[in-house]
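Visitor: Predicted model and sequence follow; I will ask about them next.
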Amino acid sequence: MTDPIRLSKRLAELTACSRREAELYIEGGWVSVDGEVIEEPQFKVLDQRVELLPGARAETIEPATLLLHKPAGWRHDDFEGLLAAGRRWSDDPSPLRALKKHFARQRPTLALDSEASGLVVFSQQHGVLRKLVDDGARLEQEYLVEVAGDRAAGGL
């Protein structure tokens, strides 16, 4: 019985590419193990079928900025459940493929109150974060308030 090896090492052996190129293929979502796409270069394999998908490119994954419509009731620190590839808008026109790396280490820019709903920007890009946080006090924000109940006599 052989010991399991890292997927990046196996792919480098199969495709005669460097270990770094293999890691880029894997992180880019271009490698499947027994038909399932794996995005972690450290994933251990034994004798599974490892394939490089058609159109594969060994490219560095650029940092991502994500826009999220935060529903009312979600707290600022509960966004991990909302930031996931499975929650991507079905009509998203972006040609980019959602990768696990796009969702790692996302940082929010301007927070909304927990009972507010609206647009929240998350980013991995330092420049985007700095611009939105530094200019946050000068950015115009619009609030729409809904009030329920009866108006008191003599009230507004």
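Guide: Structure received. Numbers count the residues shown, from 1 in each chain.
Visitor: who touches the strand or helix carrying residue 11?
Guide: Secondary structure from DSSP states H and E places residue 11 in helix 7-15. Under the contact criterion C-beta atoms under 8 Å, 6 or more residues apart in numbering, helix 7-15 has outside partners 17-19, 21-23, 25-26, 31, 33, 38, 40-45, 50, 52. Yep, even glycine has a C-beta here, placed from its N, CA and C like the rest.
Visitor: go with 7 Å
Guide: The contact list for helix 7-15 (C-beta atoms under 7 Å, 6 or more residues apart in numbering) reads 18-19, 22-23, 25-26, 31, 33, 38, 41, 43, 45, 50, 52.
Visitor: Now the element after it, going C-ward?
Guide: Once the chain leaves helix 7-15, the next helix or strand it forms, by DSSP H and E, is helix 19-27.
Visitor: got the buried residues for the very next helix or strand once past that next one?
Guide: Remark: after helix 19-27, the chain's next helix or strand is strand 31-33, criterion DSSP H and E. Using 16 or more other C-beta atoms under 10 Å as the test for burial, strand 31-33 gives 31, 33.
Visitor: What is strand 31-33 packed up against?
Guide: helix 7-15, strand 50-52 (3 or more C-beta pairs under 7 Å, 6 or more residues apart in numbering; DSSP states H and E).
Visitor: at 6 Å instead, please
Guide: strand 50-52 (3 or more C-beta pairs under 6 Å, 6 or more residues apart in numbering; DSSP states H and E).
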